[in-house]
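> Return atomic coordinates for the entry below.
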Amino acid sequence: MLVVAKHYNKVNFEFTKAEIDYFKRVCYFNDDEELALELKMRGKSNIQIADSMGTSIATANRRIKSMKKKVLKALR
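Numbering: from 1, shown residues only. Model (predicted):
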């Protein structure tokens with residue numbers, strides 16, 4: 001079930017496996033964005049994502065923001 005909730009400029013994503021596969025096909029994520037998506041879907045925090053990616057929190061946040069923009073564009 002696709003859920004995109006906007007609350008105070010915050011976007012939360014909950015997707016099925018099929019929906020994630022669809023986004024991977026149509027959004028042309030780079031490797032970092034795809035990893036960020038997978039980790040977000042597992043409920044990881046941005047700090048945990050940064051640690052998994054071996055980057056700073058600011059860099060992880062940029063990757064997550066870029067990934068979210070692509071997903072929102074695909075939903076239009």
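
> who does the lengthiest helix in the chain touch, helix- and strand-wise?
Secondary structure of the chain per DSSP state H: the longest helix is helix 57-75. When contacts are defined as 3 or more Cβ pairs under 8 Å, 6 or more residues apart in numbering; DSSP states H and E, helix 57-75 sits against strand 10-14, helix 17-26, helix 31-41, helix 46-53. Placement of C-beta: from N, CA and C, glycine included.

> Need the winner for burial among the ones you listed.
Using mean count of other Cβ atoms under 10 Å, the stretch among these with the largest mean neighbour count is helix 31-41, at a mean of 18.

> Correct me if wrong: residue 48 contacts residue 40.
No: taking Cβ atoms under 8 Å as the definition, residue 48 is not a contact partner of residue 40, at 9.9 Å.

> check contacts around residue 64.
With Cβ atoms under 8 Å, 6 or more residues apart in numbering as the criterion, the residues that contact residue 64 are 36, 40, 46, 49.

> which among the residues you listed gets closest to residue 61?
Among these, residue 46 lies closest to residue 61 (Cβ to Cβ), at 5.8 Å.

> shouldn't the closest one be in contact with residue 56?
No: at 10.7 Å, residue 46 and residue 56 do not qualify as touching, with contact defined as Cβ under 8 Å.

> between these two, what contacts are shared?
What both residue 46 and residue 56 touch, as defined by Cβ under 8 Å, 6+ apart, is an empty set.

> Residue 50 and residue 63 touch, don't they?
No: counting by Cβ under 8 Å, no contact exists between residue 50 and residue 63, whose distance comes to 9.0 Å.

> Pick out the residue closest to the middle of this protein.
The centroid of the chain falls nearest to residue 37 when counting by Cα atoms, centre = their mean (3.5 Å).

> how near is that one to residue 23?
7 Å (Cβ to Cβ, to the nearest Å).

> where do the contact lists of these two overlap?
By Cβ under 8 Å, 6+ apart, the residues touching both residue 37 and residue 23 are 29, 71.

> Any idea how many residues pack against residue 54?
8 (other Cβ atoms under 10 Å).

> Tell me, what's the model's pLDDT at it?
The score at residue 54 is 96. That number is its pLDDT.

> ok, now how distant is it from residue 63?
12 Å.
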